[in-house]
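Participant: next come a sequence and a model predicted from it.
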Amino acid sequence: MDWLKTGNRKDFVLSESVPAGAGNAITLRATFIRYLALGGCDACRLPETGLQVWGAYIEGDEENSEFTKGLDLEGATLPHDLALVFCHIPDPIILYSARIKNLFLNGSHVKADIAADRLQAEGNVSFDRATIAGEVRLLGARLGGNLDCDGATLQAKGRALNCTGAKVAGTFFWRAGAKASGCIDLTAASLGSICDDSACWPPELLLDRCRYGAFLGGSPTDAQSRLKWLALHKPNKQSHDFWPDPYEHCAKVLREMGHGADARAILIEKERLQRKARRQRLKRANLFEDDYFTALADRILGATVAYGRKPLRAAAWLLLPWL
């Protein structure tokens, strides 16, 4: 295969569209991609900007290979960027404990899992407009830049994107028609900021102990929208009780962004849900069949002083009988 030269860099530019399969595309072996990504040899040494492959069918080697079938970069240190753009990749991409500058899978179709637990990227990881049939796992990953999922289609039914314990110094992008068939798990993740679109929100989110600094780039900041977002966190489905943490952190972020009224509305809803969960917990423990007194007290507190979040309402209620 010929190298195509563009300026001072060299790339495999085979097509600017994703091949349908091996029969109508130029096929590259996954071990060959691994060889080049790790630096190649003197005859085909990569430029500082790294390896770009466009429009290829990247096929895993036979099972008797010394590497796992698929693109196996477990524990590897890639000296430059790796960009597999508009590629068809039928086998897993394995990046356990790998180190890389930037990873781009823009527009590619990956028919299996992307296993990138403990991945360390100095810059960005991008799945922009990619279609991924398997789970995208970034457990404990460390990204110095952004996690870009704009326009991505994640088709796994369980956890479509699992970023448990991941740290993303930049922004988590989820816009431009992005969609997930399953859950996005951000449990204990640390994100510099979130840039999202309410039309793209997944069917389920896990947000407990997730930390982020702001909502950017036109992301919804009103209480009504963010309450719908927080409602995607479904503790009953995960067999645990109501957790207030996602509500409290979202309110903190909105308050710091100058949306004090929206932050207060979220905390009021948090208090209502937390009290409801407490009543249900007591009922399950058979302490009370139907605790009408507690339910009535909670409703009165909500209607009068919004569970203490609007204390000035108390003055109005005291003024009424005086008048």
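Facilitator: Ah, there it is.

Participant: quick check on S190: phi, psi?
Facilitator: Backbone dihedrals for S190, given as degrees, to the nearest 10, come out at phi -120, psi 120.

Participant: for it, give its distance to A169.
Facilitator: 9 Å (CB to CB, to the nearest Å). Bear in mind the C-beta positions are built from the backbone N, C-alpha and C, glycine included.

Participant: can you check F32 too?
Facilitator: 32 Å.

Participant: just L206 next, same as before
Facilitator: L206 sits at a distance of 21 Å from A169 (criterion: CB to CB).

Participant: between these two, who's got more neighbours?
Facilitator: For L206 versus A169, the count of surrounding residues by other CB atoms under 10 Å is larger for L206: 25 against 17.

Participant: beta partners of the residue lying closest to the more buried one once chain neighbours are set aside?
Facilitator: Excluding the flanking residues, the one nearest L206 by CB to CB, 6 or more residues apart in numbering is D185, at 4.4 Å. D185 forms beta bridges with N162, L206, as assigned by DSSP bridges.

Participant: D185: neighbouring residues, count only.
Facilitator: Here the neighbour count serves as a burial measure; for D185 (other CB under 10 Å) it reads 27.

Participant: tell me where this protein has helices.
Facilitator: 30-37, 223-230, 245-256, 260-284, 292-305, 313-322 (DSSP state H).

Participant: among those helices, show the one with the smallest mean pLDDT.
Facilitator: Taking the mean pLDDT of each of the helices of the chain, the lowest value is held by helix 292-305, a mean of 56.

Participant: contacting residues around the residue lying closest to R175 once chain neighbours are set aside?
Facilitator: Nearest non-adjacent residue to R175, counting by CB to CB, 6+ apart: D197, 4.2 Å away. Neighbouring residues of D197 by CB atoms under 8 Å, 6 or more residues apart in numbering: 174-176, 178, 218-219.

Participant: and the closest residue to H233 other than its chain neighbours, how far from F173?
Facilitator: Counting by CB to CB, 6+ apart, H233 lies nearest to L207, which is 4.8 Å off, once chain neighbours are set aside. According to CB to CB, L207 stands 17 Å off from F173.

Participant: lowest-confidence helix or strand of this structure?
Facilitator: strand 4-6 (a mean of 39; mean pLDDT, DSSP states H and E).

Participant: okay, buried residues for stretch 228-236 please.
Facilitator: Along stretch 228-236, the positions that meet the burial threshold by neighbour count (16 or more other CB atoms under 10 Å) are 229-230, 232-233.

Participant: dump these into JSON lines; add distance to V253 as well.
Facilitator: Rendered in JSON lines, the data for the buried residues of stretch 228-236 read as follows (distance: CB to CB, whole Å):
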{"residue": "W229", "distance to V253": "12"}
{"residue": "L230", "distance to V253": "12"}
{"residue": "L232", "distance to V253": "17"}
{"residue": "H233", "distance to V253": "15"}
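
Participant: does V168 touch L147 like I think?
Facilitator: Yes - taking contact to mean CB atoms under 8 Å, the distance of 4.9 Å between V168 and L147 places them in contact.

Participant: spit out the residues that contact the two alike.
Facilitator: Here V168 and L147 have L191 as joint contacts, going by CB under 8 Å, 6+ apart.
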